[in-house]
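Here is the input, now give the coordinates:
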Amino acid sequence: MTNPVTALLIFLGICILAYLIYYPKKGWYWKIKESIKNDNKTLMEDVLKKIYHAENSGTNLQVNDITGSINNTQKNIVESIANMESSGLISSVNGSLKLEKTGREYALKIIRVHRLWEQYLSEKTGFHKKDWHEIAEKMEHKLNHDQTNELAMSLGNPRFDPHGDPIPTETGEITKIIGKPLSAYPANTVGKIVHIEDEPDIIYQQILAQDLHIGSLVRIIETNKKRIVIYSEGEEYILAPIVAGNITISELKKEAYTTENTSRLYSLKLGEKAKIVGISRECRGDIRRRLLDLGFVINTEIHIDMESPMGNPRAYLIRNTSIAIRNEQSKFILIEKILAHGKA
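As a prediction, the model looks like this:
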């Protein structure tokens, strides 16, 4: 015969377990159910984005292309695609997946969140730009319609993200990028960088390592099948054609190229004087505001006051005030050196 105390303890254990599993909204059952629901939603939205980007680039996308590019099982991806077809979000034409009107609208909403969040990270946080895309990939599935609009308003309803990608409006309107890949232009072309593609990541990381960024004026020095050489902000860059192909520039008239004598502040040497001509657009958020507050403003004369034994940091004399900054900050400050006879 079972001991009554033992039976009571078993019964209490079963009650506690049932409570933990089925407690409304917070029980394990509901949490697992919600997690599965969120996983399915994330997968569906990732697929919609893939199809959108393929259509936008004029590429036909098939099921096998998606199963090889999304981190999920083939079974789950195929089921998700079937569900989206039955709900009218997408259709299949000769094996290629196409967005229907509602699917395109949905995809644009996800892209809007992603690009707004990248803009938020660039303007309001200290995250490195190499991390923006990955963080935004997660956040794009979490914000609802009202939260997205609040985010857009807090940023001033920007038209482009920090990579130069257009941000869809609330109604799904999207600005067209005007320009061509850097690799498509001949030597002696001058232009402005208007877009940097952040995928694939391996190429994007190479562009980041070069310190090239949106808004920079460039002049193409040399172009061939092996390399493309450009000049920008006092620096010469050598790019592989495949890397240059992920940088879009808008061509300018040659007389508009006014940065031939521009260099970065960290290139200034002891005894040289210079005039500040701007702060790079790559410098955003708190760092930009701090540099402006310190007096690094346009048309201000500047020279090295003193430098550390290793040359980093340096103290610069600005308006009779000595201000020390590191090279990681001074690289954002654009200058024109003043020659001995007074001209830049």
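
where does the stretch 151-300 of the chain have low pLDDT?
Applying pLDDT under 70 to the stretch 151-300 of the chain flags residues 255-260.

again, 90 this time
When the per-residue scores of the stretch 151-300 of the chain are filtered using pLDDT under 90, the ranges that remain are 163, 175-177, 198-201, 205-206, 208-217, 232-236, 253-264, 266-271, 278-289.

those strands in it, which residues are they?
Using DSSP state E, counting those that start in this stretch, the strands found in the stretch 151-300 of the chain span residues 180-181, 190-196, 217-223, 228-232, 235-239, 247-252, 262-264, 273-279.

how many neighbours does residue 149 have?
Other residues lying near residue 149 total 15 when counted by other Cβ atoms under 10 Å. C-beta: built from backbone N, CA, C; applies to glycine.

Now do the domain split for the protein, please.
Each structural domain of the chain that the record assigns through automatic domain parsing is listed here as a residue range: 28-99, 180-256, 262-338.

Averaged pLDDT, the first one. What do you get?
Translated: domain 28-99. The average of the pLDDT scores along domain 28-99 is 82.

in what helix or strand does residue 116 lie?
Assigning secondary structure by DSSP states H and E places residue 116 in helix 101-124.

Which other helices and strands does that helix contact?
Counting by 3 or more Cβ pairs under 8 Å, 6 or more residues apart in numbering; DSSP states H and E, the packing neighbours recorded for helix 101-124 are helix 28-56, helix 129-139, helix 145-154, helix 285-294.

Out of those, flag the one nearest residue 218.
Of all these, helix 129-139 sits nearest to residue 218, with 18.7 Å by Cβ to Cβ.

Give me the angle between the closest one and strand 190-196.
If you take axes from the mean of the first three to the mean of the last three Cα atoms, to 10 degrees, helix 129-139 sits at 40 degrees to strand 190-196.

Number the chain from 666, please
Fine by me, first position is 666 from now on; the one you just mentioned is helix 794-804.

Residues contacting helix 794-804, please?
For helix 794-804, the surrounding residues in contact (Cβ atoms under 8 Å, 6 or more residues apart in numbering) are 778-780, 782-783, 786-787, 792, 827, 863-864, 866, 869-870, 873.

Show me the one of the domains of the chain that comes nearest residue 834.
Residue 834 lies closest to domain 693-764 among the domains of the chain, at 15.7 Å (Cβ to Cβ).

quick revisit: give the buried residues for the helix holding residue 781.
Going by neighbour count (16 or more other Cβ atoms under 10 Å), the buried part of helix 766-789 is 768-769, 771-788.

Could you do stretch 730-745 as well?
Under the neighbour-count rule (16+ other Cβ under 10 Å), stretch 730-745 has 730, 731, 732, 735, 742, 745 buried.

Repeat that for stretch 839-858.
For stretch 839-858, the buried set under the neighbour-count rule, 16+ other Cβ under 10 Å, comprises 844, 845, 847, 848, 850, 854, 855, 856, 857, 858.

contacting residues for the first one?
Meaning residue 844. Going by Cβ under 8 Å, 6+ apart, residue 844 touches 856, 859, 860, 913, 914, 915, 916.

10 Å instead, please
Contacts here follow Cβ atoms under 10 Å, 6 or more residues apart in numbering; on that basis residue 844 touches 829, 850, 856, 857, 858, 859, 860, 912, 913, 914, 915, 916.
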